[in-house]
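**Q** What follows is a predicted protein model with its sequence.
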Amino acid sequence: MPDATPASTYRERAAAFSAEERRLARISWRFSLGRGALFFGFAATLLTIIFRASLGEASLWLLAGGWLVAFLLVLPWHDRIVQRQRRAAALRNLNEEALRRLARDWDELPIPRVPEDLTGDHRARDLDLFGRASMLQLLGTAHTPAGRLRLAGWLLRPAEPAEIALRQEAVAELAPEVDFRQQLEVRTRPMEGAPPDVEPFLRWAEGEPWLLKRPGLVWLTRLLPPVTVTFVLAAFLTPFPASPAWLMIAVSFVLMYRFGERLEGTFNRIEARERELRTYAEAMELAVSRGSSSPALQGIGATLATEGRPAHAWMALLDSRIGIADARRNPILRLPIELLFLWDFHALFLLERWQQAVGKQTRGWLEALGELEALSAFAGLRHDNPDWAFPTVASAEDRFAARSLGHPLIREDRRVPNDVEVGPPGSFLLVTGSNMSGKSTLLRAIGLNAVLAQAGGPVCAAALRMPPVELATSILVEDSLAGGVSFFMAELLRIRGVVEAADRTRAEGRVLLYLLDEILRGTNSSERQVAVRRVLLHLLRSGAIGAVSSHDLQVAEIPELRAASRPVHFQETLHPGGETAMTFDYKMHPGVATTTNALKLMELVGLAPEDLDV
């Protein structure tokens, strides 16, 4: 339906998958009853044979065998029904989750995990990139470790304009393909709890085989088992002496003792990802099943569709060979199969054959799947917000110019858009206004949309043009009792980082976009004006563009800054005697703020002037 909204699409899909889930549950229940009946028939027939002492009645044995065969034949059919039921339930859940994502119901949405070295970036905290009520939580449809890492990396590290254009094209192609994106997500969702570190497995896959480089040991472990089994059978079934059999078993034991630790270490590195291999295979198979017109998606498909055998087939083959190695986990069978067949050596031989054939391509496969997940996450954002625009990021631009810019993490019915322009170099946007009026939200909206623009996604705006920028922020500053750093010192250190970034980007011929919220509020008014003047003049001379919010209205009157500042403000409306004493429209107005509300807010929380000893 061309007029369908994202919300209606998700509701319809959730209802359809819920109905399918219930239908399959009824079928599964009938299968369960049938399995029970078949097993009961098998058990009843056996009891009849036993109690009637009819061990010689072939008809009863045939009947019991028939019950058992029928029971075993039904098992895989039932398993397929159960798997389809679980898949329908997972798809229903994804659509319900998408509705919660539209509503920005943060408490009901999973929080993606990212490595600590990424969460420590202060820009991530300033702009709510990670954690609860964050951009990554809004984009939270990437579940493999590579996908989560790729998506987080794109949010922190801006791409070049050419790469941004390629990503935008791929995102636009994937946006309407809701079913494909959800099928990809439902296949990778089991990876949500997977350890993010796949390096041990990749180091093995990319390394050199150990056993294959020892052909003498390979031939010994191939020839020894049939000789051992022959001597053992001869000792049991013929008068042949048992000493040769014991000698062969002793040789096998020595080999196990000599190389057991190395074998065990190799198996542990591989089996650490065992549960994920089938998931990777299913997701990769889906990825190569669709044709693509965008170069980025074609590149992913080419990486996964390797010559001779596609990546998903190789991953499935690895999964099956790990299944062969799993026989060693049986505590009862472990010792006999090792002493008779040297099972671990044969399992390692098969795994190393796989390693030698395609091991060095494995990292590329995982990264390609992770890139597809990241593009799919941005495509979901595009689908859910059809009025958001793809920005223009080009070196020819000299300013951040947006029409109807909004904060992407605020729900649509509460979001208030504004036309915003930051730049050109030699100027800065000065944002003033009373408490709670929207100054910090505007700075975060600028920063978050700059992040989205340079990650290749859509932006929360009707239009946006900007140059490639490096982002520097000082918004959420905290002191450190453990580190012995006061609030003012923490703020100074953050400002120093912004100034150093401006100098570095100027030397590299790039542009810095800085966002400073309540700059240097940790000191007194007179010193703050001097310090603010020095910092802003340095940033202006470096060619950086940026926005600064401040309660200090005197900043706009500093002579050296007056010509460079582009003052805007937010305001509030007082309602004396009304049910709501104060409201905000969050609309940006030209000029410096003309009102303050600190004393009024004190009264609203019960701190009336007559109650204070002033």
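**A** Sure, I can see it.

**Q** mind checking which helix or strand the nearest residue to residue 535 once chain neighbours are set aside is in?
**A** Of all residues not flanking residue 535 in the chain, residue 495 sits nearest, at 5.9 Å (Cβ to Cβ, 6 or more residues apart in numbering). (Each C-beta comes from the backbone N, C-alpha and C, glycine too.) Residue 495 is located in helix 487-507, with elements delineated by DSSP states H and E.

**Q** partner strands of whichever helix or strand comes after that helix, parallel or antiparallel?
**A** Next in sequence after helix 487-507, counting helices and strands by DSSP H and E, comes strand 511-517. According to DSSP bridges, strand 511-517 has the following sheet partners: strand 469-474 (parallel), strand 545-549 (parallel).

**Q** what's the following helix or strand after the last one?
**A** Read that as strand 545-549. Assigned by DSSP H and E, the successor of strand 545-549 is helix 559-562.

**Q** can you pull the buried residues of that following helix?
**A** For helix 559-562, burial by neighbour count (16 or more other Cβ atoms under 10 Å) applies to residue 561.

**Q** who are the neighbours of the helix or strand just after that helix, in terms of helices and strands?
**A** Helices and strands here follow DSSP H and E; after helix 559-562, the next one along the chain is strand 565-570. Applying 3 or more Cβ pairs under 8 Å, 6 or more residues apart in numbering; DSSP states H and E, one finds that strand 565-570 contacts strand 428-433, strand 589-590.

**Q** Would you state the helices of the stretch 351-500 of the chain in chain order?
**A** Per DSSP state H, counting those that start in this stretch, the stretch 351-500 of the chain carries helices over the ranges 362-384, 439-455, 487-507.

**Q** can those helices go into a markdown table with extra columns for distance to residue 255?
**A** Converted to a markdown table, those look like this (distance: least, Cβ to Cβ, whole Å):
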| stretch | distance to residue 255 |
| --- | --- |
| helix 362-384 | 29 |
| helix 439-455 | 54 |
| helix 487-507 | 59 |
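
**Q** how about the ones you listed, which one is nearest residue 280?
**A** Nearest of the helices of the stretch 351-500 of the chain to residue 280, taken as Cβ to Cβ: helix 362-384 at 6.9 Å.

**Q** Contacts only, for the residue nearest to residue 535.
**A** Taking Cβ atoms under 8 Å, 6 or more residues apart in numbering, we find residue 495 in contact with 474, 516, 519, 520, 535.

**Q** Tell me how far it lies from residue 518.
**A** 12 Å (Cβ to Cβ, to the nearest Å).

**Q** Residue ranges of each domain in this structure, please.
**A** Listed by automatic domain parsing, the domain ranges of the chain are 1-103, 191-377, 392-611.

**Q** Give the rounded mean pLDDT of the second one.
**A** It refers to domain 191-377. The average pLDDT within domain 191-377 is 86.

**Q** what are the ranges of the helices in the stretch 151-300 of the chain?
**A** Using DSSP H, counting those that start in this stretch, helices in the stretch 151-300 of the chain cover 161-174, 178-188, 199-206, 215-237, 243-271, 274-287, 295-304.

**Q** Out of the ones you listed, which gets nearest to residue 322?
**A** Using Cβ to Cβ as the measure, helix 274-287 is the one of the helices of the stretch 151-300 of the chain that comes nearest residue 322, at 5.2 Å.

**Q** Show residues contacting that closest one.
**A** Here helix 274-287 has contacts from 144, 180, 183-184, 187-188, 190-191, 194, 300-301, 304, 310-313, 315-316, 318-319, 322, 326, 365-366, 368-369, 372, using Cβ under 8 Å, 6+ apart.

**Q** and it, which residues are buried?
**A** With the criterion 16+ other Cβ under 10 Å, helix 274-287 contains buried residues 274, 276-287.

**Q** Of those, which is the nearest to residue 233?
**A** Of all these, residue 233 sits closest to residue 274, with 34.2 Å by Cβ to Cβ.
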